[in-house]
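**Q** just coords:
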């Protein structure tokens, strides 16, 4: 074994310890949302805090630094292990990138952030229940201030928001988002207006009573069709659906069911199933290195939205799945044709709540948050004015005005737990997915027929080849270019929406 | 705040970190047995191994040593914090006792042990399935050798077995066990013979078909009656029932159900419920110190056997609970009177499997294992002869001979995972419980009537006062003497059995 390879393996060993601890933290959080008795909340916070501290300690330890230094110059970022494979070189660069970010944040500051986020989440929950923005305001102010400091610690060239964005979507800048969103916003506003004016079909059946066990029977049928390995995942229930992966062989997804919320359940299961397939498809032999990690949050989201929307709200998929649905729920779906069903699940209507938004209006919700966040961080927005600004923006872009802050600026958890700079990844997920989908359609001209016949395995395989198996080998924008032969562009998304909604 | 108190609080802070990590390890193990997808097993082992390593590292760290040294002389064991309360002094002594034990075991040796135990467990599972003692023998040899080394590291006065026993039941020695078991063995052998010759009632109904959801309805009813706080525990399913407490406010118990195993399920739930009440009753304000830990494994077992046997196989309890049972299962229990039921669940019959043994024969199973373990550690038993020796001992004390090693020396998991010196705590649990029970009966002369009326809260309260709230404030034998006014003795257990089984 070459000296560099030996050094690389030592680095991977240390990385594995860190990733193993992250896996533990993920499991603790999963348990908190699924099975933990209420009384466990205080000790659980302490457990998560301690594990997070140990992770930070290991990431910034002298041992780790020494191991990393053998493979890359920490000052110049110049690689030393010249005989490593290109993949491993990229891995070292990613190790280095993370190290630099972590080392920039003092341990005390990280603790302070964690505390503010945890307090903020509790305060937000209460404030939201009570519809009281005032009660949340001091916590939000604290979080915004800390995020401004965070941006300063991390450093940036043009806009402080770039520093935060870089934590979730490295390689994408505020400038790029401004361009992307600048193109999409007028297009989506126009399309929304056009579609909202169209005649609607009745959607009452979507909220009919569907027994929960039968719902889950169908959801498990879907995950099985999507080819999630039953030995490596499980599906549970939580207030908000999520997916977490303590290890690529131990992936946990959750959904939320109510007897009248079957179609939200289906969407959630396909969405989280998409995230899960990504985690299950990462190269496990590289566990502990960035090569076995998802590329960016946006790429992750492209995988979930792919299954939720591009496949799961598509006609070919329901050609296959609707008969199965009718078989399980003949009463609830009596008289509902596939045409009617398909139109109902794809109805476009401006609404107040992002998570329930349709494909067309969804990104408008994100752009609104992005515009606000940028101002948060630049310090050009008086936080006390947030409800007013929010409502005004909603009116301008979606034509609806929140009745309450609960349905307005208090609706999302993100800011309360310190996630500023994260929202754009939701929009990017859709844009990335559309670009993959464009290539997918060209690669498999018969994809509609195959899907209609119930074959979803080849779809999963396409994503595995193009995205999953690469982990973090390439930056997001390179991954896209390699997979699709074209640089990032909003065009495929606009074409996709135009085509789908003109039919 | 006095200097000593300040030092004590610093020590508690460090203790809290350690206990928090133990809680994390417990949760990982709980998840492994309840919900983890099969594919997670390798990464789970790595997670548990890493957390265990971090715990050992913290327990033996220079920081911990320094904090401890401020309150106790590490050479002489002499207390320094003279102005601390007696409780806190005891706490420091217990901190010290644990530290000394931990410091005696080199980190490399601890890792080696963990590996041998993990490999041993896997090998045992396979060997048991295949009924092949030979396949298990090399692993057992390795485990026994390591436990001999462990005893040598830990040190002992009279018998190397004392060193191991001290890990689970500090304060009790081999000599004491020899005396106790020397009295009990002939008594139990005689009583077993007498009772086994008696006329039996039909027990077929015990293995009738009881739908699992209805079983669990009854089990939850029992836990509710036992006053487990529903916000601080949960009950799940695993192959082998167990109870674990990541925190006194987050206690997890499991049971095992099959449609024909309802009465094993009830026993398991009351047994684990007893363990859970102990954990729930520990003084949470002392979390992180030995004061908030269970006293010994034997005391823990006294709490589980109390509810499983002394209450849960008692007549007053079923006077109250049987009508409820009849209400839920009128068909399965048709024609079975309370008298019949009570006799059936208390039938004494020598059998091969410890975990299914009745109250009278149970300790004979333990004594057998104790006799063998002592020889393991003394090196006076050729391990290859184990099946032969086991069968001979079974024949001599219980009058039954295992048909296979699977039902003989391969039946228990303990040795395979390195638990040598642990079995006696199961016997001690019953002996302790009987002594508490004796005092309980004298304290509450009307206990039978109250229990018959469905009041179990005062029973829980008695245990809370006498046992739970003290945590590790007193050594086991002191705790017993304080609670009962008499030193440890096998007499109450013999009296209890004589009285119960002569009726």
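**A** Happy to help now that I have it. Keep in mind that what you see is a predicted model, and the values were worked out from it rather than measured. Numbers count the residues shown, from 1 in each chain, chains lettered A, B, ... in the order given.

**Q** who's in contact with residue A:136?
**A** Residues counted as contacts of residue A:136 (C-beta atoms under 8 Å, 6 or more residues apart in numbering or on different chains) are A:123, A:124, A:127, A:128, A:410, A:416. In short, each C-beta sits where N, CA and C put it, glycine included.

**Q** Kindly confirm my reading that the second one is in a helix.
**A** Put plainly, it is residue A:124. Yes - under DSSP: H, G, I helix; E, B strand; the rest coil, residue A:124 sits within a helix.

**Q** quick one: which of the contacts of residue A:136 is most hemmed in?
**A** Ranked by neighbour count (other C-beta atoms under 10 Å in any protein chain shown), the contacts of residue A:136 have residue A:410 at the top, with 27 neighbours.

**Q** if I read this right, that residue contacts residue A:135, doesn't it?
**A** No - contact criterion C-beta atoms under 8 Å: residue A:410 and residue A:135 do not qualify, at 9.7 Å.

**Q** Where does residue A:246 fall, secondary structure wise?
**A** Assigned by DSSP states H and E, residue A:246 belongs to strand A:243-247.

**Q** Show me what that strand is packed against.
**A** With contacts taken as 3 or more C-beta pairs under 8 Å, 6 or more residues apart in numbering or on different chains; DSSP states H and E, strand A:243-247 sits against helix A:3-34, strand A:250-255, helix A:262-280, helix B:41-59.

**Q** Out of those, which gets the lowest mean score?
**A** Lowest mean pLDDT of the helices and strands packed on strand A:243-247: helix B:41-59, a mean of 93.

**Q** Distance from the chain centre to it, please.
**A** Its chain's C-alpha centre lies 23 Å from the corresponding centre of helix B:41-59 when counted by C-alpha atoms, centre = their mean, to the nearest Å.

**Q** can you pull the buried residues of that helix?
**A** Neighbour-count burial for helix B:41-59 flags B:43-52, B:54-56, B:58-59 (criterion: 16 or more other C-beta atoms under 10 Å in any protein chain shown).

**Q** Endpoint to endpoint, stretch A:252-272 covers what distance?
**A** One end of stretch A:252-272 to the other measures 9 Å (C-alpha to C-alpha, to the nearest Å).

**Q** Quickly list what whichever residue of the stretch 201-350 of chain A sits closest to chain B is bridged to.
**A** Chain B sits closest to residue A:250 of the stretch 201-350 of chain A, with a gap of 3.2 Å, by C-beta to the nearest C-beta. The residues listed as beta-bridge partners of residue A:250 by DSSP bridges are residue A:247.

**Q** doesn't residue B:39 make contact with it?
**A** Yes - under the criterion of C-beta under 8 Å, residue A:250 makes contact with residue B:39 at 6.1 Å.

**Q** more crowded one of those two?
**A** Taking other C-beta under 10 Å, residue A:250 and residue B:39 do not tie; residue A:250 has more neighbours (29 against 19).

**Q** Does the helix-or-strand element of chain A with minimal mean pLDDT pack against any helices or strands, and if so which?
**A** In chain A, no helix or strand scores lower on mean pLDDT, DSSP states H and E than helix A:107-129, which sits at a mean of 91. If you count contacts as 3+ C-beta pairs under 8 Å, 6+ apart, helix A:107-129 packs onto helix A:41-59, helix A:133-154.

**Q** which is the next helix or strand following the last one?
**A** If I follow you right, that is helix A:133-154. For helix A:133-154, the succeeding helix or strand toward the C-terminus, using DSSP H and E, is helix A:160-168.

**Q** Would you confirm that residue A:36 belongs to a helix?
**A** No - counting by three-state DSSP, residue A:36 is not part of a helix but coil.

**Q** okay, now it: neighbour count?
**A** Around residue A:36 there are 20 other residues, counting by other C-beta under 10 Å.

**Q** From chain B, how far off is it?
**A** As judged by C-beta to the nearest C-beta, to the nearest Å, residue A:36 and chain B stand 7 Å apart.

**Q** cool, and residue A:354?
**A** Computed as C-beta to the nearest C-beta, the residue A:354 to chain B distance reads 31 Å.

**Q** In the stretch 1-150 of chain A, what residue lies closest to chain B?
**A** residue A:40 (3.2 Å).

**Q** ok, now which ones touch that residue?
**A** Contact analysis of residue A:40 by C-beta under 8 Å, 6+ apart lists A:32, B:232, B:246, B:247, B:249, B:250.

**Q** tell me the two of the residues you listed that are most distant?
**A** The distance between the two most remote of those (C-beta to C-beta) is 14.6 Å, for A:32 and B:232.

**Q** and those two? which has more neighbours close in?
**A** Set residue A:32 next to residue B:232 and count neighbours by other C-beta under 10 Å: residue B:232 wins out with 19 against 16.

**Q** so what's the nearest residue to that one once chain neighbours are set aside up against?
**A** In this structure, residue B:232 finds its nearest non-sequential neighbour in residue A:39, 3.8 Å apart by C-beta to C-beta, 6 or more residues apart in numbering or on different chains. Residues in contact with residue A:39 (C-beta under 8 Å, 6+ apart) are B:229, B:231, B:232, B:249, B:250.

**Q** Look up how far residue B:350 lies from the residue nearest to the first one when sequence neighbours are not counted.
**A** Think residue B:229. Nearest non-adjacent residue to residue B:229, counting by C-beta to C-beta, 6+ apart: residue B:280, 6.2 Å away. Applying C-beta to C-beta, to the nearest Å, the value for residue B:280 to residue B:350 is 36 Å.

**Q** cool, and residue A:158?
**A** To residue B:350, residue A:158 is 83 Å away according to C-beta to C-beta.

**Q** do residue A:109 as well
**A** Separation of residue A:109 from residue B:350 (C-beta to C-beta) stands at 67 Å.

**Q** Residue A:421 now?
**A** 70 Å.

**Q** and these two? which has more neighbours close in?
**A** For residue A:421 versus residue B:350, neighbours defined as other C-beta under 10 Å are more numerous around residue A:421 (28 against 20).

**Q** wait, what's in contact with that one?
**A** Applying C-beta under 8 Å, 6+ apart, the residues near residue A:421 are A:147, A:161, A:163, A:164, A:165, A:166, A:167, A:168, A:373, A:377.

**Q** Show me the helices in the stretch 401-503 of chain A, by range?
**A** For the stretch 401-503 of chain A, applying DSSP state H, counting those that start in this stretch gives helices covering A:424-443, A:447-452, A:457-466, A:476-484, A:491-502.

**Q** Packed most tightly, which of those helices would that be?
**A** Compared across the helices of the stretch 401-503 of chain A, helix A:424-443 shows the largest average neighbour count, a mean of 23 (mean count of other C-beta atoms under 10 Å in any protein chain shown).

**Q** mind giving me the domain split of chain A?
**A** A:3-154, A:204-348+A:444-502 (automatic domain parsing).

**Q** most packed of the ones you listed?
**A** Mean neighbours per residue, mean count of other C-beta under 10 Å, is largest over these for domain A:204-348+A:444-502, with a mean of 19.

**Q** what distance separates it from the centre of its chain?
**A** 13 Å.

**Q** Likewise for stretch A:357-367?
**A** The chain centre lies 14 Å from the centre of stretch A:357-367; the measure is C-alpha atoms, centre = their mean.

**Q** try stretch A:410-423
**A** The chain centroid and the centroid of stretch A:410-423 are separated by 13 Å under C-alpha atoms, centre = their mean.

**Q** same check, this time on stretch A:351-366
**A** Centre-to-centre, stretch A:351-366 and its host chain are 15 Å apart (C-alpha atoms, centre = their mean).

**Q** any residues touching that stretch, and which ones?
**A** Residues outside stretch A:351-366 that contact it (C-beta under 8 Å, 6+ apart) are A:181, A:184-185, A:188-189, A:191-192, A:195, A:264, A:309, A:313, A:346-350, A:369, A:394, A:397-398, A:400, A:402-403, A:407-408, A:411-412, A:423-424, A:426-427, A:430, A:497, A:500-501.

**Q** For the most centrally placed residue in chain A, give its distance to residue A:478.
**A** Nearest to the mean C-alpha position of chain A, by C-alpha atoms, centre = their mean, lies residue A:301 at 4.0 Å. To residue A:478, residue A:301 is 18 Å away according to C-beta to C-beta.
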